[in-house]
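> this one's sequence-less:
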Ligand code: NAD
C-alpha cells in the first residue's frame, strides 16, 4: 500500500487515546483537518514559458489558537503529506504548550530547478492564492524543507502589500531586518541539542557518538551545536548526495565551512573521512542517530539492523509505523519528532509575540526561554511515559491529546 503519513498519524492517535483512556468521540475531530485548500499557481518561467504548479494549505486544528506551520517546496509534496505535517504541528504546539493550533503548506516543485526570480514569483503567487486563510490571528506560515527566511520575507511583503501596511506577524522565520527573531534560524537545531543533552543526562551518558542524516537547516545546526556545546563526536552526516563518516569524529568546523559554502557532501574530503550512502549512514556504528531529512527514512528493514541505541527525530515523520514497533521491540528509545524538533515552532512563537508587541528580545533571552520550554516538555513526556508505561512517541501524543481534548471540551461544539 502507498505510504500515507496522515493515516499513520491517525493510527498512532488511536493507540495513544486507547492507552490513556480517551473515548473515540472525544478526539474524532482531530482525524479531520478543519480546512484544506488546493491552489493552482501559474508563473512565467525565465525562458518565457508558462508553467502551472500545484500547492496546498491545510489547517488541521485551531482548537488551542491560530494555526501554525511551515511551507514546503519539494517535488514529492502531496495532500496526504501536508495533512500529516499539519496534524503533527497541532500536536507539537500542544506538547510544548504554546497557544497555537497546527497548519502546513506545500508546493509540488523542485526549488533547485527554479531561478531566484522564478522562486520569488512562485512564493508570491502562492501567498496570494492562500491569502484568505492566513493572517497573524488565523494561520501563520514559517519555513520548511525547500523554503527559507527569504521565502518568508516575500510572503510577508506580499501579504502586507494586499493590506496596505506592514504585517510582520503573518509569518515567522523571517530575516531580522523585517521582524525576524534573533535565534530563530538555529532554534530547531538548538532544540535538538537540548533534547540530546537531556536524554544523555537522564541516561548518565557523558559522551556520545552521533550520526545525523540531512545537512540542511536542522541537521547541520543540530550537528554543529551538539559538537560545540556538548562536546560529542559527530561520526557521520549526510545530504541528498550521500554522507561522510569518520569513526573517531568529523572535524565539524571544516564540515560546517563546506556546508555554508553551499557545497554538497559528496564533494567534501578530509584525512580519514570515508564517503557512505544514506542507507549506510542510518546503519552506521553510533550511539545516537538523528534523522534530519525527510519522512519515512527509518523503515522496518532499517530498524531491524540499526546500531544506534537512541533515535532523536529532528525530521518530521522519519520513522514508519512498522519501524517504530521494531525499534520498541529492540529496546531502542525513539525521542519523537513532535517533541524533539519543537524548538523551531517555540522560537517562531517568540518571533510572533515580538511582532505583535513591536518589542524585540536579546538572543540570550530567546535561547534561555527556549531551553526552559524544551526542558518542561521533555519532563511532561517522560512523566506520561512512566505513568502509562508506553513508548515516548505514545507519551508525546498522550501529553498533547489530553491538552487538546480538554480545550475541545471547554470550548464545546458550535452550534449545539
Ligand atoms: P532543508 O531543506 O534545509 O534540508 C533538508 C536536508 O535533507 C538537505 O541537506 C538535503 O540535502 C537533505 N536530504 C534530502 N533528501 C535526503 C535523503 N534522501 N537523504 C539524506 N538527506 C537528504 O530542510 P530543513 O528545514 O532542515 O528540514 C529538515 C526536516 O526537519 C524536515 O522533515 C522538516 O519538516 C523538519 N523540520 C524543520 C524545521 C525548521 O525549522 N526548518 C522545524 C521542525 C522540523
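Arrived safely. What you see is a predicted model, and the numbers here were worked out from it, not measured in a lab.
> tell me the residues of the stretch 201-350 of the chain that contact the ligand?
Within the stretch 201-350 of the chain, the positions lying close to the ligand (CB under 6 Å from any ligand atom) are 213-219, 238-240, 278, 292-294, 314-316, 341, 344. C-betas here are computed from N, CA, C, even on glycine.
> which SSE is residue 155 in?
Assigned by DSSP states H and E, residue 155 belongs to helix 149-163.
> what's the average pLDDT for the following helix or strand past that helix?
Per DSSP H and E, the first helix or strand lying C-terminal to helix 149-163 is helix 184-203. The average pLDDT within helix 184-203 is 98.
> buried residues in helix 184-203?
Within helix 184-203, the residues that count as buried by 16 or more other CB atoms under 10 Å are 184-200.
> near the ligand, from the residues you listed?
Okay, of the buried residues of helix 184-203 touching the ligand (CB under 6 Å from any ligand atom), that's residue 188.
> helix, strand or coil: sort out the closest residue to residue 91 other than its chain neighbours for me.
Excluding the flanking residues, the one nearest residue 91 by CB to CB, 6 or more residues apart in numbering is residue 400, at 4.1 Å. Judged by DSSP: H, G, I helix; E, B strand; the rest coil, the three-state class of residue 400 is helix.
> quick one, what contacts residue 400?
By CB atoms under 8 Å, 6 or more residues apart in numbering, the contact list for residue 400 reads 90-92, 94-95, 338.
> CSV for these, including secondary structure?
Output for the contacts of residue 400, formatted as CSV (three-state DSSP):
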residue, secondary structure
90, helix
91, helix
92, helix
94, helix
95, helix
338, helix
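> redo those residues as a markdown table? Include pLDDT and neighbour count.
Conversion of the contacts of residue 400 to a markdown table gives the following (pLDDT from 0 to 100; neighbours: other CB atoms under 10 Å):
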| residue | pLDDT | neighbour count |
| --- | --- | --- |
| 90 | 98 | 30 |
| 91 | 98 | 28 |
| 92 | 98 | 28 |
| 94 | 98 | 29 |
| 95 | 98 | 28 |
| 338 | 97 | 30 |
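> which strand or helix spans the residue nearest to residue 172 when sequence neighbours are not counted?
Using CB to CB, 6+ apart and skipping residues adjacent in sequence, the residue nearest residue 172 is residue 348, 3.7 Å away. Assigned by DSSP H and E, residue 348 falls within helix 343-357.
> pLDDT on the next helix or strand after that helix, on average?
Next helix or strand after helix 343-357 toward the C-terminus (DSSP H and E): helix 363-388. Computed over helix 363-388, the mean pLDDT rounds to 98.
> next: stretch 231-242.
Stretch 231-242 comes out with an average pLDDT of 98.
> name the residues of that stretch that are buried.
Buried, per 16+ other CB under 10 Å, within stretch 231-242: 232-239, 242.
> for the ligand, state which of the residues you listed is nearest.
Nearest to the ligand, judged by CB to the nearest ligand atom, of the buried residues of stretch 231-242 is residue 239 at 3.4 Å.
> how much space separates that closest one from residue 173?
21 Å (CB to CB, to the nearest Å).
> and if you look at residue 387?
According to CB to CB, residue 387 and residue 173 sit 35 Å apart.
> tell me which of those two has more neighbours.
residue 173 (30 against 11; other CB atoms under 10 Å).
> residue contacts, the more buried one?
70, 142-143, 148-149, 152, 180, 184-185, 344, 348, 351.
> in PyMOL, how would I select just the buried ones from these?
In PyMOL, a selection of the buried entries from those looks like this (16+ other CB under 10 Å):
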select buried, resi 70+142+143+148+149+152+180+184+185+344+348+351
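> what residues does the stretch 1-150 of the chain have near the ligand?
The stretch 1-150 of the chain comes close to the ligand at residues 143-146, as judged by CB under 6 Å from any ligand atom.
> and those, which are buried?
Buried among these by 16+ other CB under 10 Å: 143-146.
> the residues you listed in strands, which ones?
Judged by DSSP state E, strands contain the following of these: residue 143.
> closest to residue 162 among the buried ones among the residues of the stretch 1-150 of the chain next to the ligand?
Comparing those against residue 162 with CB to CB places residue 143 closest, at 20.7 Å.
> from the ligand, how far out is the closest residue to residue 170 other than its chain neighbours?
Of all residues not flanking residue 170 in the chain, residue 159 sits nearest, at 4.6 Å (CB to CB, 6+ apart). Using CB to the nearest ligand atom, to the nearest Å, one gets 20 Å for the distance from residue 159 to the ligand.
> same thing with residue 370?
From residue 370 to the ligand the distance is 12 Å (CB to the nearest ligand atom).
> that residue: neighbour count?
25.
> am I right that it is in contact with residue 187?
Yes - contact criterion CB atoms under 8 Å: residue 370 and residue 187 qualify, at 6.3 Å.
> hang on, the earlier thing: who are the packing partners of the helix holding residue 155?
Where contact means 3 or more CB pairs under 8 Å, 6 or more residues apart in numbering; DSSP states H and E, helix 149-163 is packed against strand 67-74, helix 116-130, strand 139-143.
> for those, give me a markdown table that also has distance to residue 163 and mean pLDDT.
A markdown table is the format used below for those (distance: least, CB to CB, whole Å; pLDDT from 0 to 100):
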| stretch | distance to residue 163 | mean pLDDT |
| --- | --- | --- |
| strand 67-74 | 19 | 98 |
| helix 116-130 | 12 | 98 |
| strand 139-143 | 15 | 98 |
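> with distance to residue 300 added, can I get these in a markdown table?
Output for the helices and strands packed on helix 149-163, formatted as a markdown table (distance: least, CB to CB, whole Å):
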| stretch | distance to residue 300 |
| --- | --- |
| strand 67-74 | 24 |
| helix 116-130 | 36 |
| strand 139-143 | 31 |
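> residue 305: which of these is closest?
Of the helices and strands packed on helix 149-163, nearest to residue 305 by CB to CB is strand 67-74, at 27.4 Å.
> in this structure, which residue sits closest to the ligand?
residue 216 (1.6 Å).
> now do the same contact list for that residue.
So residue 216 contacts 145, 239, 292-293 (CB under 8 Å, 6+ apart).
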